[in-house]
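S.K.: below are the sequence and a predicted model; questions follow.
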Amino acid sequence: MDSQNPLAEFRLECQNSLADALQKLFPKKQIARLSLDKPPNPEFGQLASSLCFELAKQLGEKPLALAKRLVETLDKSKFSLIEHVTTAGGGYVNFHVDFAKFSALTIDSVRHFDTEYGFVKTDNPLKIIVEHTSANPLSPIHIGQARNPMLGDAIARTLKARGHNVYRHYYIDDVGRQSAVLSYGYEKLGRPKPEGKPDHFFGKIYTTTSCLVEINRLKKELERAKAVSATEEIMKLNRELDDWISVAAELKEKYRELFEALLEKIGKDKDPETTINELNKAYERGDEHAKQLIREVSELCLQGFKETLSCAEVFYDSWDWESEIVWSNRVQEILEKLEKTPYVSALGGVLEFDAEKATQKLKLKKELNLRESYEVPSLTLVRADGTTLYPTRDIAYTLWKFERAEKVINVIGMEQKLAQLQLKIALYALGYSNYADNLIHFAYNLVNLPGYKMSSRTGRYITFDEVMDEAVKRAYEEVSKRSPQLSEEQKQKIANFVGMGAVRYALVEVDPSKPVVFTWDRVLNFETNSAPYIQYSHARACSILRKAQRKPEKPAYNLLKEQLEHEIILAVSSFPDVFIEAAELLKPNLIADFANVLADKFNTFYNALPVIKAKPQELSDARLALVDSVRIVLRNALNLIGIVAPERM
RNA sequence: GGGCGGGUAGCCCAGUACGGAUAGGGCGCAAGCCUCCUAAGCUUGCGGUCGUGGGUUCAAAUCCCACCCCGCCCGCCA
């Protein structure tokens, strides 16, 4: 017999057995949930119930006495995977598994399901769009933004394995001021042909243009503030100006020629601000010149992104242009619909969405987990010049996504929490409460550099490309040191998956809600980073199986009596549980952690017990099968987080 | 000021949804282990006011309240 979830078989048997006994002892009592815990120590069995503590209190009895009565009442003739049941501590009921049977069930199941082991299918398969990365086509993807594709891709892989129909979408945010800023600078330079990787090339232009325009704007505002002697404001503007001036100094240092060229060209423009705004307006209208210019820039940047992402083995099913959403009139339609709701007001040309009013009228506070006293800030939908803002377009885009999927997961940084909330409220206001309920903002925290924030606008960032290159380079040095006998080609190959694995792992292992401080050491220290360790463990398992030169023909699983073997069997049997939890709660880091723990146990086993040379042959066969199951589970787990499981390294 | 997220060994992080038995790893540090399936490995040791103070409970890192520290957000930016 094989099972997709061996541990669940055992758990179910324990629960049924416990429920029967409770029924016999207390026919009238309803016990809501029979949850079982993993005991802290193998002497307490493999699953434990603490229900006697609570029950005893209700009955006015001693917990331990009750536990004993309960255990005596269990119908032992029905035991299959249960070996025996004991009481312990103040009143625990401890279930001990019959390892001879359980090992057979687990190992056979893993080897039978092989590439599918652990991937328990959902009862409710959905069409799910996972929108991730969606970095603006302005400057290269930096390591802070890279946390997004690493998480998004792991989530997409996990949900797919869970049996959902998953579509990975990249939202190309080509509409909006920032694209106009970049294109403005690019045009001022006479649309030069990109040197090197286009996203890196445009990144320099974007940062420099943005900085110069910003300084220009701040100076003007400062004059205006001085004219009316607004002391407070002057101080604030001066601070901002100082910041940008120091950014300018850095940029001048880094890209001298480009900086001088842009300084000169932009200097000739009396009012860059207006030119940029006009360009933005023209693009939204779909004017030919603007379209041609901004599309050219965006496409070129995307080429660079695709190159970067494919190095990281991240791919998409759809590239969605924000401009298409605007030009198709979808945004206009949504605005008209919103205007008919009682929550939108027009002040001059400006359209404002009163999110607080909508939340109150539709009684959403509880639903959205908001405090009653919290006032949701209102959202500007349309500027005075008639152009739209990002959240407005996002409402239209979200509806577009829901025409194609039942559930939408947006992998977006937590700094956009409010915008995502407002988006959701707008959906409710439009009457799409079903969509709103199925819209998930998967928020993750920022990756910072020690001491300061990474940002595209200021050019203070470390690119994803740079990190990957450095990781692979460093891995190459490491391989060369550890395995000088390998061929050049082999070394390259290993360096590649070790380096990339380390980068992936570093960004997936921590809980997404925690901030990560990027240090080269974190990614490149192969002692600290667990990815190479897990990969190495997998390779070791493969190596044993290869060296054995035989299949485990007559495995006697009852000979697997060592504590270490039992622990590995339990770990392997719990993979389906871990997988389900990771998929349901969208927690890819659970998979990373699980793989690390299993690798750990396996290495201990490797060191302590012989496999190929174990006697008798039936034991050796059983251990070979065990090693095979570890190999399969490590590989399946690594696949979920996009890390290569190598056969040799 | 308000909202949200985080605070667990010197450093990096699990564990908190659903309270359970002595709070787990890794790095670093100290001491060992290759006549044995890959030493990117293994073993042992040192190291903890689970931010602080209350409360609920047979039982609190986990739940409730208050406070402190860090981050993010509160834009006609995205």
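M.R.: Received it, and whenever you're ready, just let me know what you need.
S.K.: who's in contact with the closest residue to RNA strand B within the stretch 151-300 of chain A?
M.R.: Using C-beta to the nearest atom of the strand, the single residue of the stretch 151-300 of chain A nearest to RNA strand B is A:Gly176, 3.1 Å away. Bear in mind the C-beta positions are built from the backbone N, C-alpha and C, glycine included. Counting by C-beta atoms under 8 Å, 6 or more residues apart in numbering, A:Gly176 makes contact with A:136, A:280, A:322, A:389-390.
S.K.: again, 7 Å this time
M.R.: Residues near A:Gly176 by C-beta atoms under 7 Å, 6 or more residues apart in numbering: A:Tyr390.
S.K.: what's it sitting at in phi/psi?
M.R.: phi 130, psi 160 (degrees, to the nearest 10).
S.K.: that one and A:Asn136, how far apart?
M.R.: 8 Å (C-beta to C-beta, to the nearest Å).
S.K.: likewise for A:Gly286?
M.R.: For A:Gly286, the distance to A:Asn136 equals 20 Å [C-beta to C-beta].
S.K.: how about A:Thr308?
M.R.: In terms of C-beta to C-beta, A:Thr308 sits 14 Å off from A:Asn136.
S.K.: those two: which is more packed in?
M.R.: A:Thr308 (23 against 20; other C-beta atoms under 10 Å).
S.K.: and the more buried one, that's in a helix?
M.R.: Yes. A:Thr308 sits within a helix when classified using DSSP: H, G, I helix; E, B strand; the rest coil.
S.K.: OK, contacts around it?
M.R.: If a contact means C-beta under 7 Å, 6+ apart, then A:Thr308 has A:141, A:464-465 as its contacts.
S.K.: give me the next element, helix or strand, following the helix or strand where A:Lys601 lies.
M.R.: Per DSSP states H and E: A:Lys601 is located in helix A:588-608. Downstream of helix A:588-608, the next assigned helix or strand under DSSP H and E is helix A:617-640.
S.K.: pLDDT below threshold where in the stretch 1-150 of chain A?
M.R.: A:31-32 (pLDDT under 70).
S.K.: how does it look with 90?
M.R.: Filtered on pLDDT under 90, the stretch 1-150 of chain A yields the residue ranges A:1, A:26-35, A:40-42, A:54-61, A:89-90, A:144.
S.K.: would you mind listing what in the stretch 301-450 of chain A touches RNA strand B?
M.R.: Counting by C-beta under 7 Å from any atom of the strand, the stretch 301-450 of chain A comes close to RNA strand B at A:347-348, A:350, A:370-371, A:373-375, A:377, A:380, A:383-385, A:389-391, A:414-419, A:445-446.
S.K.: ditto for the stretch 451-600 of chain A
M.R.: Checking the stretch 451-600 of chain A against RNA strand B by C-beta under 7 Å from any atom of the strand, the hits are A:453, A:475, A:478-479, A:482-483, A:494, A:498, A:509-511, A:513-517, A:522, A:525-528, A:530, A:532-533, A:536, A:539-540, A:542-544, A:547, A:581, A:584-585, A:587, A:589-590, A:593, A:596, A:600.
S.K.: tell me how many other residues crowd the closest residue to A:Leu36 other than its chain neighbours.
M.R.: Nearest residue to A:Leu36, sequence neighbours excluded (C-beta to C-beta, 6 or more residues apart in numbering): A:Leu47, at 4.4 Å. A:Leu47 has 23 neighbours, counted by other C-beta under 10 Å.
S.K.: count of neighbours near A:Arg546?
M.R.: If you count neighbours by other C-beta under 10 Å, A:Arg546 ends up with 10.
S.K.: so who does the residue nearest to A:Gln145 when sequence neighbours are not counted touch?
M.R.: Nearest residue to A:Gln145 in three dimensions, chain neighbours excluded: A:Ala135, at 5.0 Å (C-beta to C-beta, 6+ apart). Taking C-beta under 7 Å, 6+ apart, we find A:Ala135 in contact with A:141, A:145, A:305.
S.K.: returning to that earlier point: select only the buried ones of the residues of the stretch 301-450 of chain A next to RNA strand B in PyMOL?
M.R.: Filtering those down to the buried ones (16 or more other C-beta atoms under 10 Å) takes a single PyMOL command:
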select buried, chain A and resi 370+380+383+389+391+414+416+419+445+446
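S.K.: now do the helices in the stretch 301-450 of chain A.
M.R.: Using DSSP state H, counting those that start in this stretch, the helices of the stretch 301-450 of chain A run over residues A:322-327, A:330-339, A:355-361, A:390-402, A:417-429, A:433-437.
S.K.: switch the ones you listed over to a markdown table; also include mean pLDDT and distance to A:Leu22.
M.R.: Listed next are these as a markdown table, based on pLDDT from 0 to 100; distance: least, C-beta to C-beta, whole Å:
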| stretch | mean pLDDT | distance to A:Leu22 |
| --- | --- | --- |
| helix A:322-327 | 96 | 57 |
| helix A:330-339 | 95 | 55 |
| helix A:355-361 | 95 | 45 |
| helix A:390-402 | 97 | 46 |
| helix A:417-429 | 96 | 43 |
| helix A:433-437 | 96 | 37 |
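S.K.: contact partners for A:His538?
M.R.: A:631, A:634-635, A:645-646.
S.K.: of those, closest to A:Tyr170?
M.R.: Checking the contacts of A:His538 against A:Tyr170 by C-beta to C-beta gives A:Ala645 as the nearest, at 26.7 Å.
S.K.: could you check how far the helix holding A:Lys601 is from the centre of its chain?
M.R.: How far helix A:588-608 lies from its chain's middle: 21 Å, per C-alpha atoms, centre = their mean, to the nearest Å.
S.K.: what's it in contact with?
M.R.: Residues beyond helix A:588-608 that count as contacts (C-beta under 7 Å, 6+ apart) turn out to be A:151, A:154-155, A:158, A:505, A:508-511, A:530, A:533-534, A:537, A:540-541, A:564-565, A:567-568, A:571, A:575, A:578, A:581-582, A:630, A:633-634, A:637-638, A:640-641.
S.K.: same question, stretch A:192-209
M.R.: A:138-140, A:181-182, A:184-186, A:189, A:251, A:255, A:258-259, A:262, A:297, A:300-301, A:303-305, A:307, A:457-459.
S.K.: picking up where we left off before, most neighbours among the contacts of A:His538, please name it.
M.R.: A:Leu634 (27 neighbours).
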